[in-house]
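1. sharing a sequence plus its predicted fold:
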Amino acid sequence: MEDRELYEQVLCLNSPWTVSQVELKTDVEEVQIQVTHPRGTKFCCPECDRHLSCYDHAEERRWRHLDSCQFQTILMARAPRVKCPEHGVKTVPVPWAAGSSRFTLLFERFAIDVLLATQTVTGAASLLRTSWDETWHILERAVQRGQDRKQPHAMPLIGIDEKAFAKRHKYATLIYDLHRSTVEAISDGNDTEAGIACFSQLSSEQIAGVEAVAMDMSAAYVKAAKETIPDAAAKIVHDRFHVMQLATRAVDRVRRGEHRELKADGDNRLAKTRYLWLTNEENLSEEQTNRLAAVFHSTLNTGKAWGYKELLRDLWNQPTAAAATVYFKAWYRRVIHTKLAPMKTLARTIKQRLENVVSFCTHHITNSVAEGMNSKIMSIKRRVGGYRNRENFKTAIYFYCGGLDLYPR
């Protein structure tokens, strides 16, 4: 098989395109492939598909293809132009590359795989032997291609959360599809306007089909949901993790206050026990469990606060929202009559949002998907040392977490 026939098959070229010349340039480490078409070939107008004779040719262009052994493979061709009576002179698209891309479709598909595997533009560029800008533009085109192809789909269960974009309190708001574990919308900021802007990126059908929204106890996101989602008050589910995080912090405030008082009297029983009170009991080692039990049974306020925190965890094990409400009210009565100020503050905070806390027992969703995606986004950001450009940050999130159809066809 001749070189020209080999590369015609490798490049999947179809009539009227043929390989006219294959030349090895060892000085620049390139295999240069000249692609042409026969004289008299007719092409379709890219606007109306009318068959027309070739009017002239654009200047010769180069496209990077998959490497041949250790050499870069370069396609070289002059794209034909047609003169349409309706649309004027138009350049005919070539079948091996898309639009203004300087890479073949097969190379872009391979580059997307490398980007997904390395999760850094710099790492992918070094493997592909492309510049940072060229590699980033492949990523950008992939995201734009995926967004253009994306069709609105039902999202009955969604989550909304914030993600730090940079230092100095710069945030982005993200909406997640909890079923598909994908990022569906991004807006700047973490206030009510940002939440509304995020929800507004969903179609009216998607908004109408929302059955439950998982979120932390942010008043801004609650307000945004109520302004955009029908009957949102019954659909909001405050994330269990964030509620228990508030409870853990309340226990820690009790511990710190009590430790100061005991230390002033020379009592160091609570020294170096912070981790014991902040960790779920089942996650403690045997030694830590014994240490916790020894301190717990010494009738300190910290032990009482920790006990109330552990009792609160059973709230999410109730079979119905009504049963969870009854359980909370009993828990609330016990806590509110104690002298543990941080726990009383916690009890009042939950009481104010009780409807959207016990709604978990109806919808059974959490923002764990959002937390998992946030961890993935954080790892991507950490690998590149952060993003200074907000739009680039959004593009990277959609590329790695958007569930988009990224590949060219």
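-> Arrived safely. Numbering: from 1, shown residues only.
2. secondary structure element for His137?
-> helix 132-149 (DSSP states H and E).
3. now what about that helix, what contacts it?
-> 98, 101-103, 108, 111-112, 115, 121-122, 124-125, 128, 130, 392, 395-396, 398-399, 402, 404-408 (CB atoms under 8 Å, 6 or more residues apart in numbering). All C-beta spots, glycine's among them, are computed from the backbone N, C-alpha and C.
4. what are the buried residues along that helix?
-> Glu134, Thr135, Trp136, His137, Ile138, Leu139, Glu140, Arg141, Ala142, Val143, Arg145, Gly146 (16 or more other CB atoms under 10 Å).
5. any chance of the residues you listed in CSV, plus distance to Phe199?
-> Below are the buried residues of helix 132-149 laid out as CSV (distance: CB to CB, whole Å):
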residue, distance to Phe199
Glu134, 36
Thr135, 33
Trp136, 29
His137, 31
Ile138, 31
Leu139, 27
Glu140, 25
Arg141, 28
Ala142, 26
Val143, 21
Arg145, 25
Gly146, 21
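6. widest-spaced pair of the residues you listed?
-> Glu134 and Gly146 (19.1 Å; CB to CB).
7. quick one: low-confidence parts of the stretch 301-409 of the chain?
-> Residues of the stretch 301-409 of the chain that meet the criterion pLDDT under 70 lie in 384-387.
8. and if you look at the chain?
-> 1, 166-169, 284, 291-292, 294-299, 384-387.
9. centre of it to the edge, which residue is at the far end?
-> Asp265 (51.2 Å; CA atoms, centre = their mean).
10. next one: the lengthiest helix in the chain to chain centre, how far?
-> Ranked by residue count and defined by DSSP state H, the top helix of the chain is helix 240-264. A distance of 33 Å separates the centroid of the chain from that of helix 240-264, by CA atoms, centre = their mean, to the nearest Å.
11. which helices and strands sit right next to the next helix or strand after it?
-> Remark: after helix 240-264, the chain's next helix or strand is helix 274-278, criterion DSSP H and E. If contacts are counted by 3 or more CB pairs under 8 Å, 6 or more residues apart in numbering; DSSP states H and E, helix 274-278 sits against helix 240-264, helix 286-296.
12. alpha carbons only: can I get helix 274-278 in PDB?
-> Provided in PDB are the C-alpha atoms of helix 274-278 (Å, rounded to 0.1, in the frame of the first residue of the first chain):
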ATOM      1  CA  ARG A 274     -11.700  19.000  70.600                       C
ATOM      2  CA  TYR A 275     -11.600  16.300  67.900                       C
ATOM      3  CA  LEU A 276     -13.500  13.900  70.200                       C
ATOM      4  CA  TRP A 277     -16.500  16.200  70.400                       C
ATOM      5  CA  LEU A 278     -16.500  17.200  66.700                       C
END
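13. pull out the buried positions in it.
-> Leu276, Trp277.
14. and what of stretch 366-384?
-> Thr366, Asn367, Val369, Ala370, Met373, Asn374, Ile377, Ile380, Lys381.
15. from what I can see the fourth one touches Thr173, true?
-> The one in question is Ala370. No: taking CB atoms under 8 Å as the definition, Ala370 is not a contact partner of Thr173, at 11.0 Å.
16. ok, and the closest non-adjacent residue to Glu355?
-> Ala233 (7.1 Å; CB to CB, 6 or more residues apart in numbering).
17. what's the answer for Glu47, then?
-> Per CB to CB, 6+ apart, closest to Glu47 is His87, 4.4 Å.
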